[in-house]
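Peer 1: Just a sequence and a predicted model for now, questions to come.
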Amino acid sequence: AGKYPPPPGTTDVLGLEASGEIVDVGPQCVNGLKEGDKVMALLAGGGYAEFVAVDERQVMRIPQGYSFKLGAAIPETWLTAFQLLHLVAKINET
């Protein structure tokens, strides 16, 4: 277990989640993220690197009062729970 290769075109650096402070935003960024925002992200690899480049659609602001450590744990945990509840168990709002 855990010996599968990263997806084609991604880095060999481990880590599917990341959290930190934005140091730069590309010109195509339209969702209001800016330098200095504290964010968390779900990515295809490289989350353990000192810096990561992430598509803005995969980035969320960390809720106020949450640490970077907690923020890094949220994206994958939430996605796993969502997929199990809605796609596997087919639980929907009534």
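Peer 2: Arrived safely.
Peer 1: quick one, phi psi at Gln83?
Peer 2: With angles defined as degrees, to the nearest 10, Gln83 sits at phi -60, psi -40.
Peer 1: ok, it to Lys90 distance?
Peer 2: Using C-beta to C-beta, to the nearest Å, Gln83 is found at 11 Å from Lys90. For the C-beta atoms, the positions are set from N, CA and C on the backbone; glycine is no exception.
Peer 1: Have a look at those two and say which one is more surrounded.
Peer 2: Set Gln83 next to Lys90 and count neighbours by other C-beta atoms under 10 Å: Gln83 wins out with 11 against 7.
Peer 1: Can you tell me which helix or strand of this protein has the lowest average pLDDT?
Peer 2: Least confident helix or strand, the chain: helix 68-82 with a mean of 92, by mean pLDDT, DSSP states H and E.
Peer 1: same for that helix, what does it pack against?
Peer 2: With contacts taken as 3 or more C-beta pairs under 8 Å, 6 or more residues apart in numbering; DSSP states H and E, helix 68-82 sits against strand 17-21, strand 38-42.
Peer 1: Distance to Thr11 added to those strands, as a markdown table?
Peer 2: As requested, these are exported to a markdown table (distance: least, C-beta to C-beta, whole Å):
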| stretch | distance to Thr11 |
| --- | --- |
| strand 17-21 | 12 |
| strand 38-42 | 14 |
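Peer 1: what residue ranges in this structure are flagged as low confidence?
Peer 2: The chain contains residues with pLDDT under 70 at 1-2, 94.
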